[in-house]
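Enquirer: can't give you the sequence, but here's the structure:
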């Protein structure tokens with residue numbers, strides 16, 4: 001509640017207390033401790049205290065890996081969070097490695113067409129886009145969009161991120177040299193299964 005209402009200074013001691021209580025009652029490597037540490041790390045990120053957040057995020061990933069195994073979806077989420085922090089602090093190579101690790105975990109856990117895989121593809125593509133590696137970003141963004149199209153066809157309901165994925169892919173295509181009409185034509189081919197259903 002305090003974090004949601006932007007009362008972060010008031011929330012922090014409560015998050016720290018929750019970590020201490022869980023560590024004392026459950027042990028330092030319990031998954032509930034990882035959840036509390038992640039909450040604290042996210043609060044630290046929100047207050048631009050990334051150096052303090054990083055060791056907590058690394059510990060979260062280690063606890064989840066130790067508890068559930070290296071290829072568990074909780075590890076992928078933790079690694080994605082760490083990758084975002086590394087990217088925000090200019091450590092692109094480290095961020096790329098973490099985004100790739102998360103993608104590999106989720107592809108193994110859920111299959112190549114799961115929405116969590118789409119999230120991972122988008123994160124990696126956004127890193128490539130931000131570092132002007134557009135040719136590397138394009139197949140990832142296309143696949144990201146294709147996963148949301150498949151979701152929409154399978155469920156009969158548009159995925160909540162379908163429109164954003166469509167817009168982002170169009171922007172990327174135009175930045176790579178396509179005209180607006182060419183980008184629209186490529187996107188229409190990807191979206192065709194939705195219209196055919």
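Expert: Sure, I can see it. Every value quoted in this text rests on a predicted model; they were computed, and no experiment measured them. Numbers count the residues shown, from 1 in each chain.

Enquirer: flag the shaky bits of the chain, pLDDT-wise.
Expert: 1-6, 197 (pLDDT under 70).

Enquirer: could you identify the longest helix within the chain?
Expert: helix 134-155 (DSSP state H).

Enquirer: residues in contact with that one?
Expert: Outside helix 134-155, the residues that touch it by CB atoms under 8 Å, 6 or more residues apart in numbering are 113-115, 117-118, 121-122, 124-126, 128-129, 158-159, 161-162, 165-166, 168-169, 172-173, 175-176, 187, 190-191, 193-194, 197. From N, CA and C alone the C-beta is placed, and that goes for glycine too.

Enquirer: please parse the chain into its domains.
Expert: The chain breaks down into these domains under automatic domain parsing: 1-94, 111-197.

Enquirer: in stretch 84-100, what counts as buried?
Expert: In terms of neighbour count (16 or more other CB atoms under 10 Å), stretch 84-100 has its buried residues at 84, 85, 86, 87, 95, 96, 98, 99, 100.

Enquirer: no no, stretch 132-148
Expert: Counting neighbours by 16+ other CB under 10 Å, stretch 132-148 gives 134, 137, 138, 140, 141, 142, 143, 144, 145, 146, 147, 148 as buried.

Enquirer: mind putting those residues into a markdown table with distance to residue 9?
Expert: Converted to a markdown table, the buried residues of stretch 132-148 look like this (distance: CB to CB, whole Å):
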| residue | distance to residue 9 |
| --- | --- |
| 134 | 41 |
| 137 | 38 |
| 138 | 43 |
| 140 | 38 |
| 141 | 38 |
| 142 | 43 |
| 143 | 42 |
| 144 | 37 |
| 145 | 40 |
| 146 | 44 |
| 147 | 40 |
| 148 | 38 |
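
Enquirer: quick check, nearest of those to residue 12?
Expert: residue 144 (34.6 Å; CB to CB).

Enquirer: so residue 74 sits against residue 31, correct?
Expert: Yes - the pair formed by residue 74 and residue 31 meets the contact definition of CB atoms under 8 Å, at 7.4 Å.

Enquirer: I am finished for the moment; much appreciated.
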